[in-house]
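Chemist: coordinates only, no sequence provided:
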Ligand code: WQD
């Protein structure tokens, strides 16, 4: 694996080796650096690429769009070029439901016209287009996985999302309240046209996503050179419902304070995942309670680990 560890803890490699294989090959480097990517492929026999490397905060992408375009597009270009150059067969790309924007159509299908509403979403859609054109002009076979809202952690509690930088995502914010690191959850808007006025998201367990990637690597794409799949649960949960579920999962109160809407937020989004079920044999198996229980176990196991 290639990672710059800019958003990870120093001990994560040891944890990964414990959970996978002690001889897991790890190269510290930036996928936006073409020489690091080339070195990886020179030193290792790479037959497939799974590309996760990207900045991924909607609000941060509004504050610093060019950093997002540079990082997210350059890393994809580097990996696509080496894949075509070396005749690598399979390319799996970590995309996001944010490419859909406020689609209006629910549940969201892969045929829903993309309409990203943030620089981050635009970078993901541009990366998809780069990979579609690379697939059309070479033997590269590309699978695009559009994640809805990833949440949770490995059931062992050893690896999960514990961003070095204070993330803006909902579940890390909820966990900070549960841990007593914040005194309340800011709820960005309660005047949306939804069942409780707060935004709706399709939260999906990261372990279900991991299984989706394995299914994508093994899938027989038939005549497709390029195929897009939604990875979600098909279930919408509001922000307030998630906060209530977190109180149950953690046994801690999650006081909420209504704040202004956040620029770029979509109102509601949940997935139609029937294509992944039919063509990858994949369905999410874990619910929001499981996601939050696993996330809570992880943040408690990892509290002792110093950041960078
Ligand atoms: C969800 C809802 C917020 C924090 C994220 C990532 C994106 C992609 C999809 C992977 C929104 C509200 C949040 C808080 C809140 N992931 N919220 N208080 O924006 O749907 O997108 O997941 O590809 O990379 O950005 O997720 O968790 O940031 O927000 O009320 O303190 O929770 O307004 O309605 P989002 P999020």
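Modeler: That came through fine. Predicted model only: the values in this text are computed from it and were never measured.

Chemist: tell me the residues of the chain that contact the ligand?
Modeler: Counting by Cβ under 6 Å from any ligand atom, the residues of the chain close to the ligand are 56-58, 96, 98, 147, 149-150, 168-170, 173, 185-188, 199, 201, 239, 262, 265. Glycine gets a C-beta too; all of them are placed from N, C-alpha and C.

Chemist: pull out the buried members of those.
Modeler: Buried subset of these (neighbour count, 16 or more other Cβ atoms under 10 Å): 56-58, 96, 98, 147, 149-150, 169-170, 173, 185, 187-188, 199, 201, 239, 265.

Chemist: in a strand, residue 289, correct?
Modeler: No: read with DSSP: H, G, I helix; E, B strand; the rest coil, residue 289 is helix and lies in no strand.

Chemist: now do the same contact list for residue 152.
Modeler: Taking Cβ atoms under 8 Å, 6 or more residues apart in numbering, we find residue 152 in contact with 160, 205-207, 286, 290-292, 294-295.

Chemist: related to what we said a few turns ago, which of the residues of the chain next to the ligand fall within helices?
Modeler: Those of these mapping onto helices are 58, 170, 173, 239, per DSSP state H.

Chemist: can you show me the strands along the stretch 51-200 of the chain?
Modeler: 90-96, 141-147, 149-151, 185-188, 200-201 (DSSP state E, counting those that start in this stretch).

Chemist: what pairs with the fourth one, and is each one parallel or antiparallel?
Modeler: Strands that pair with strand 185-188, judged by DSSP bridges, come out as strand 256-259 (parallel).

Chemist: buried residues in the strand it pairs with?
Modeler: For strand 256-259, by 16+ other Cβ under 10 Å, it's residue 256.

Chemist: can you list contacts of it?
Modeler: Against strand 256-259 from outside (Cβ under 8 Å, 6+ apart): 184-190, 240, 243.

Chemist: which is the next helix or strand following it?
Modeler: helix 274-275 (DSSP states H and E).

Chemist: could you look up the SS state of the closest residue to residue 75 other than its chain neighbours?
Modeler: Excluding the flanking residues, the one nearest residue 75 by Cβ to Cβ, 6 or more residues apart in numbering is residue 31, at 3.7 Å. Following three-state DSSP, residue 31 is assigned to coil.

Chemist: for residue 31, what are its contacts?
Modeler: Residue 31 touches 2, 4, 37, 51, 53, 75, 78-79, counting by Cβ under 8 Å, 6+ apart.

Chemist: take those residues and keep only those in helices.
Modeler: 37, 75, 78-79.
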